[in-house]
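K.L.:
Give the three-dimensional model of this entry:
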Amino acid sequence: MQYNDFSGLLLVNKPVGITSFKLVHIIKKKFNVKKAGHCGTLDPLASGLMIVLIGKYTKLQDKFMKQDKVYYATIKLGIKTDSGDLDGKIISRSDSSHVTKDSIENACKTFIGKIEQIPPMYSALKVNGQKLYELARKGITIERKPREITIYDIELVDFKEDTFSIRVKCSSGTYIRTLSEDIGTKLNTDTVLINLVREEIGKYKLKDAVNIEDIKENNPEYLQEIDF
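P.N.:
Sure thing, here's the model as predicted:
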């Protein structure tokens with residue numbers, strides 16, 4: 001099979017409902033290229049900015065994986081699932097009537113700075129060669145070592161009844177589902193992540209990303225060049 005000799009960086013707005021792997025597969029077919037890879041997974045229920053590297057640019061993957069991120073997250077109070085988001089099964093419910101705008105802001109402030117976070121079982125992180133979510137789907141839970149991350153800022157954007165939205169600027173390796181649950185613990189209630197949008201990766205922004213359906217087949221017009 002004859003592949004196109006395209007190389008470059010592509011900013012893509014991942015839609016809700018597909019895996020990051022599926023997104024890369026679609027892009028490889030659109031451009032008809034042999035090599036392509038993404039720089040940071042988004043869950044199927046998450047949307048937003050993904051950096052996809054094409055051709056010789058795939059060797060730069062590590063550089064982009066380690067960049068800071070900005071997420072917009074919407075969290076529902078009073079419910080907890082086994083996955084931390086709406087993909088999972090509800091495992092508990094609790095009262096959240098005591099939660100106020102001030103208490104959410106105060107809880108969020110406690111997470112700003114360098115903190116330790118335990119990766120969720122429903123994640124693509126590998127332990128002893130196995131992805132955690134593959135074990136979780138079999139009902140297996142294993143001990144995970146906490147990892148140091150940095151939360152630069154958490155802004156409370158909206159709060160209505162049992163739902164609130166925050167904008168989080170954080171280091172790579174941060175799990176927003178885990179942050180959501182930890183905020184719930186501070187608030188003395190359950191929480192579940194119901195929407196997540198990645199808005200920024202380093203200097204790259206979602207507003208500059210292209211939708212999958214707008215990418216024309218065998219046309220590299222959206223590929224960017226950067227200095228190696």
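K.L.:
For the rest of this, base every contact and every neighbour count on C-alpha atoms.
P.N.:
Noted.
K.L.:
residue ranges of the helices in the chain, please?
P.N.:
20-31, 61-65, 101-109, 132-137, 176-186 (DSSP state H).
K.L.:
any idea how far the third one is from the chain center?
P.N.:
Average the C-alpha atoms of helix 101-109, do the same for its chain, and the two points are 22 Å apart (Cα atoms, centre = their mean, to the nearest Å).
K.L.:
buried ones in it?
P.N.:
104, 107, 108 (16 or more other Cα atoms under 10 Å).
K.L.:
Provide the backbone phi and psi angles at the nearest residue to the first one once chain neighbours are set aside.
P.N.:
It refers to residue 104. Leaving out its chain neighbours, the residue that sits closest to residue 104 by Cα to Cα, 6 or more residues apart in numbering is residue 187, at 7.1 Å. With angles defined as degrees, to the nearest 10, residue 187 sits at phi -90, psi 0.
K.L.:
List the residues that contact residue 187.
P.N.:
Counting by Cα atoms under 8 Å, 6 or more residues apart in numbering, residue 187 makes contact with 99, 103, 104, 107.
K.L.:
domains for the chain, by residue range?
P.N.:
Domains of the chain are assigned by automatic domain parsing as 8-66+204-214, 69-201.
K.L.:
Kindly check the end-to-end length of the last one for me.
P.N.:
When you say that, I think you mean domain 69-201. 5 Å (Cα to Cα, to the nearest Å).
K.L.:
and the longest strand along the chain, what does it pack onto?
P.N.:
In the chain, taking DSSP state E as the definition, the longest strand is strand 147-160. The helices and strands touching strand 147-160, judged by 3 or more Cα pairs under 8 Å, 6 or more residues apart in numbering; DSSP states H and E, are helix 101-109, strand 113-117, strand 163-170.
K.L.:
Relative to residue 148, which of the ones you listed is closest?
P.N.:
Of all the helices and strands packed on strand 147-160, strand 113-117 sits nearest to residue 148, with 4.4 Å by Cα to Cα.
K.L.:
coming back round to it: can you redo the helices and strands packed on strand 147-160 as CSV with mean pLDDT and distance to residue 42?
P.N.:
Formatted as CSV, the helices and strands packed on strand 147-160 follow (pLDDT from 0 to 100; distance: least, Cα to Cα, whole Å):
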stretch, mean pLDDT, distance to residue 42
helix 101-109, 98, 23
strand 113-117, 95, 18
strand 163-170, 98, 15
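K.L.:
Indicate which one of those is closest to residue 95.
P.N.:
strand 163-170 (13.0 Å).
K.L.:
packing partners for the closest one?
P.N.:
strand 69-77, strand 147-160.
K.L.:
closest one to residue 204 among those strands?
P.N.:
strand 69-77 (9.4 Å).
K.L.:
any idea of the mean pLDDT in that closest one?
P.N.:
For strand 69-77, mean pLDDT is 98.
K.L.:
Can you name the residues in contact with that strand?
P.N.:
96, 162-172, 176, 180, 184, 189-202.
K.L.:
Would you mark the buried spots in that strand?
P.N.:
Neighbour counts over strand 69-77 (16+ other Cα under 10 Å) mark 69, 70, 71, 72, 73, 74, 75, 76, 77 as buried.
K.L.:
TSV please, covering these and showing distance to residue 154.
P.N.:
TSV is the format used below for the buried residues of strand 69-77 (distance: Cα to Cα, whole Å):
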residue	distance to residue 154
69	12
70	10
71	10
72	10
73	10
74	13
75	13
76	17
77	17
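K.L.:
that older thread, packed most tightly, which of the helices of the chain would that be?
P.N.:
Of all those, helix 176-186 carries the top mean neighbour count, a mean of 21, counting by mean count of other Cα atoms under 10 Å.
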